[in-house]
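>>> No letters, just coordinates:
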C-alpha cells in the first residue's frame, strides 16, 4: 500500500490527548470498489487540516464517515475521543459539519435556522438567544437576522452555516468545499471567519477544497488523496519539497495524482446534479 | 494546547444525564423539527389555501350528486354528513401521502444531512416531521368544518369533540406521512416517488369507509378495509364530528389503532432515515 505518512517533527512530542481525529485503516467499499481504502491519519487539536484530491478521490466519502453519516465497511476512527462505529451519537455531539451542498433552510430566517440547530444540539433554553445573536454577529450577519435565508447570497449562507455549527461549540468542524461557487470576496470572508475560529477558540478543522491557493494559505497540514488512498501528508512546504524545488501545490497535485478520478464513487452524477440544483436554489 | 476555556463541560457529565433530562431533550428535539415546519408555513401560507380546493370539490360536486342516491349512508344520517367526515380524512391523507417528497427534496438540497449530523435521535427527527404533517392537516379540518356548515351538515361543536377531531387528524396524518417517508427512503428520487404515491392513494382511499360503508362492500374488500388505518380514522371522525354520528369500533379502539400504527411506522422510518445521508 502506498501510504507515505511523513509527520512534522514537533508532532512526535505532542501528547496523545491532543489528537482530535484519528482514523485507523478506515475503508468504505461501494460495489467492490474502495472509495476510501485503509486511510490512517491523525489530526491535532487546533489544526486546520486540508484534504485535497481529484473529484471522486474519496474526500467526501471520508468526511461522511467521520461525521457518522456513512458507516465504514471496515476500520474505524476516533473523533473527539469517541468511536464513530460504536458511539456515533456521542461523536455527533462534538462535531460540526458543513456539507458541500447548502444545508441552511431557505424557507426559514437566519434566526430560525440557528434556533433549530440550538434545539437539536441541546443548547440550554436560556443560552439559545445570546449564543445565536453572538454567532450571527461574529459571522457578520447581524443585520440579516430576520431575513429569509432564501434571499441571502451564497457567501452569507456559508457564513450562516458556520454560525450554525458554532452554537454547540464543537471540538472539531468539518467543512466540505466551503467556498465552492463563491466569488473571491465571499471566499475571503468565509476564510477570515474560519481563521478567527482557529486563532481565538483553537477549534480543529478539516477542510476540503479544489482551490489550491486557499489550501496553501490556510491549512497547517495537508493530505493528498487519490483513488481512496493517502498519497502524501505534511505541511505545504513538505509536500512541495517532495516534488521539486520551487514547486507549487498545483504541481504537487498534478505530479502525485496518477489517474484523474475515472471511477468516481462518492461524487456521482446524482451528487453533481444535486449540487448544481442546490446552488441554483440558493443563488 | 489547553482546551478553550469557553467550551462547556466535556462528555463525562453528559454520560450521567438522568432519564428525565434525556426525555426533555428528546421532546425539545422533536419540537424543534415540528416548529421549523410550522415557521415555514407562517412565512408562506399559500399552500394552506390551495389545499382547501380538493375537499371543496369532493363535497360540493361528488357529495351533492351522491346525496340523491338513497341507501348509501347507514342509519338515518344524510349522505352529505356521512361524506363530510370521510372527505376530511381523505384530504388529510392525500396531502400526507406525498409528504415524503419533501424529504427527498431536503436530501437533494443538503438540509437533511444537517439533521442527520445532529445528536438528535433519528426517531425524534421522524416524529417531529410526522407531527408537523399533522399540524398542517389541521388547517384542512378548519376548511372542511366551515364548508360543512355552509352545506348544512350537523356538526357537533362541543369543544371536547373538536379536540378529539384534532387529535385524530394529527394521528392519522402523522401515520400516513411517516409511511410516505419510508417510501421516500426506499425510492430516493422524486420521479419514482410520484408514481408510487399515486398508486398508493387510490387503494387506501377506496378500500376504506370514507365514501361508502363497509356493509356495501364485497367481503374481500371489507376485509382489506378492516386492516386499513384510514377506516379507523374515518370511524372516529364520524363519531366525534357529527351530531348524529356513531362509531363502529369505539373511539378508543380507533385511536389506539392509529397511535400503535404510527409508533411502529416511526420506528421503521427511524431505521431507514439514516440511509438518506449516504
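Structure received. Worth saying up front: this structure is predicted, and the values here are computed from it rather than measured.
>>> For the stretch 151-278 of chain B, just list every one of the helices.
For the stretch 151-278 of chain B, the helices defined by DSSP state H, counting those that start in this stretch cover B:159-187, B:190-206, B:219-226, B:229-241, B:251-273.
>>> Those helices: lowest mean pLDDT?
Mean pLDDT is lowest for helix B:190-206 among those, at a mean of 90.
>>> Now that residue A:63 has come up, it's in contact with residue A:205, right?
No. Look at residue A:63 against residue A:205 with C-beta atoms under 8 Å: they stay out of range, at 11.8 Å. For glycine as for every other residue, the C-beta is placed from the backbone atoms N, C-alpha and C.
>>> residues shared between the contacts of the two?
Common neighbours of residue A:63 and residue A:205, using C-beta atoms under 8 Å, 6 or more residues apart in numbering or on different chains, are residue A:174.
>>> Give me the neighbour count for residue A:63.
Residue A:63: 25 surrounding residues under other C-beta atoms under 10 Å in any protein chain shown.
>>> Correct me if wrong, but it is in a helix.
Yes. Counting by DSSP: H, G, I helix; E, B strand; the rest coil, residue A:63 is found in a helix.
>>> Quick one: closest of the helices of the stretch 151-278 of chain B to residue B:52.
With C-beta to C-beta, the closest approach to residue B:52 among those belongs to helix B:159-187: 14.7 Å.
>>> tell me the angle of the closest one relative to helix B:190-206?
140 degrees (axes from the mean of the first three to the mean of the last three C-alpha atoms, to 10 degrees).
>>> So for helix B:159-187, what gets flagged as buried?
Going by neighbour count (16 or more other C-beta atoms under 10 Å in any protein chain shown), the buried part of helix B:159-187 is B:161-162, B:164-185, B:187.
>>> I'd like to check the angle between it and helix B:229-241, please.
Using the same axes, to 10 degrees: helix B:159-187 against helix B:229-241 is 160 degrees.
>>> Quickly check: helix B:159-187 near chain A or not.
No. Helix B:159-187 stays clear of chain A (C-beta under 8 Å from any C-beta of the partner chain), getting no nearer than 13.4 Å.
>>> tell me the angle that helix makes with helix B:251-273.
Using the same axes, to 10 degrees: helix B:159-187 against helix B:251-273 is 30 degrees.
>>> closest point of chain B to chain A, which residue?
Nearest to chain A in chain B, going by C-beta to the nearest C-beta, is residue B:110, at a distance of 2.7 Å.
>>> Check the secondary structure at the closest residue to that residue other than its chain neighbours for me.
Among residues not flanking residue B:110 along the chain, residue A:101 sits closest, at 2.7 Å (C-beta to C-beta, 6 or more residues apart in numbering or on different chains). Following three-state DSSP, we place residue A:101 in the coil state.
>>> Near residue A:101, how many other residues are there?
Residue A:101, neighbours per other C-beta under 10 Å, totals 24.
>>> do the same with the one 5 residues further on
When neighbours are defined as other C-beta under 10 Å, residue A:106 has 19 of them.
>>> Ok, residue A:82 next?
20.
>>> Could you report the pLDDT at it?
At residue A:82, pLDDT is 96.
>>> quick one: the residue of chain B closest to chain A and residue A:98 touch, right?
No. With contact defined as C-beta under 8 Å, residue B:110 does not count as touching residue A:98 (9.3 Å).
>>> Between these two, which has more neighbouring residues?
residue A:98 (28 against 23).
>>> quick one: pLDDT of residue A:54?
92.
>>> would it count as being in a helix?
No. Secondary structure assignment (three-state DSSP) places residue A:54 in coil, not in a helix.
>>> My guess is it contacts residue A:226. True?
Yes. Using C-beta under 8 Å, residue A:54 is in contact with residue A:226, at 6.7 Å.
>>> Now do the shared contacts for those two.
In contact with both residue A:54 and residue A:226: residue A:257, using C-beta under 8 Å, 6+ apart.
>>> Output the helices of the stretch 151-278 of chain B in JSON lines, with distance to residue A:113 appended to each entry.
Listed next are the helices of the stretch 151-278 of chain B as JSON lines, based on distance: least, C-beta to C-beta, whole Å:
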{"stretch": "helix B:159-187", "distance to residue A:113": "22"}
{"stretch": "helix B:190-206", "distance to residue A:113": "24"}
{"stretch": "helix B:219-226", "distance to residue A:113": "44"}
{"stretch": "helix B:229-241", "distance to residue A:113": "34"}
{"stretch": "helix B:251-273", "distance to residue A:113": "20"}
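>>> Quick one, which of those gets closest to residue A:170.
Between these, helix B:251-273 lies closest to residue A:170; by C-beta to C-beta that is 22.3 Å.
>>> Tell me which other helices or strands that closest one touches.
helix B:122-150, helix B:159-187, helix B:229-241 (3 or more C-beta pairs under 8 Å, 6 or more residues apart in numbering or on different chains; DSSP states H and E).
>>> Distance to residue A:37 for these - can I get that in JSON lines?
Formatted as JSON lines, those follow (distance: least, C-beta to C-beta, whole Å):
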{"stretch": "helix B:122-150", "distance to residue A:37": "29"}
{"stretch": "helix B:159-187", "distance to residue A:37": "28"}
{"stretch": "helix B:229-241", "distance to residue A:37": "47"}
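>>> between the ones you listed, which gets nearest to residue A:129?
Nearest of those (C-beta to C-beta): helix B:122-150, 21.3 Å.
>>> That closest one: which residues count as buried?
B:122-137, B:139-141, B:143-145, B:147-148.
>>> Next up, the contacts around residue 116.
Since no chain was named, I'll use chain A. A:105, A:108, B:32, B:33, B:35, B:36.
>>> sorry, should have said chain B
Applying C-beta under 8 Å, 6+ apart, the residues contacting residue B:116 are A:69, B:122, B:125, B:273, B:274, B:276, B:277.
>>> For chain B, give me its nearest residue in the stretch 51-200 of chain A.
For the stretch 51-200 of chain A, C-beta to the nearest C-beta, closest residue to chain B: residue A:101, 2.7 Å.
>>> measure that residue to residue B:185 for me?
Per C-beta to C-beta, to the nearest Å, residue A:101 is found 18 Å from residue B:185.
>>> Then residue B:88?
Residue B:88 is 28 Å from residue B:185, by C-beta to C-beta.
>>> Kindly report the same for residue B:51.
25 Å.
>>> same thing with residue B:211?
31 Å.
>>> give me the low-pLDDT residue ranges for the stretch 1-150 of chain B?
B:1-17 (pLDDT under 70).
>>> how about the helices in it?
Going by DSSP H, counting those that start in this stretch, the stretch 1-150 of chain B shows helices at B:11-15, B:19-43, B:46-50, B:53-57, B:64-66, B:79-96, B:100-109, B:111-116, B:122-150.
>>> Let me have those in a markdown table, extended by distance to residue A:175.
Shown next, in a markdown table, are the helices of the stretch 1-150 of chain B (distance: least, C-beta to C-beta, whole Å):
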| stretch | distance to residue A:175 |
| --- | --- |
| helix B:11-15 | 23 |
| helix B:19-43 | 23 |
| helix B:46-50 | 34 |
| helix B:53-57 | 44 |
| helix B:64-66 | 60 |
| helix B:79-96 | 37 |
| helix B:100-109 | 18 |
| helix B:111-116 | 13 |
| helix B:122-150 | 23 |
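>>> looking at those helices, which is closest to residue A:139?
The nearest among the helices of the stretch 1-150 of chain B, by C-beta to C-beta, is helix B:111-116 at 16.3 Å.
>>> The longest strand seen in chain A pairs with which strands?
Using DSSP state E, we find that the single longest strand of chain A is strand A:19-30. Sheet pairing for strand A:19-30, assigned by DSSP bridges, gives strand A:33-39 (antiparallel), strand A:42-44 (antiparallel), strand A:74-79 (antiparallel).
>>> With mean neighbour count, mean pLDDT and distance to residue B:247 as extra columns, can I get the ones you listed in a markdown table?
Output for these, formatted as a markdown table (neighbours: other C-beta atoms under 10 Å in any protein chain shown; pLDDT from 0 to 100; distance: least, C-beta to C-beta, whole Å):
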| stretch | mean neighbour count | mean pLDDT | distance to residue B:247 |
| --- | --- | --- | --- |
| strand A:33-39 | 22 | 94 | 55 |
| strand A:42-44 | 21 | 96 | 62 |
| strand A:74-79 | 20 | 96 | 53 |
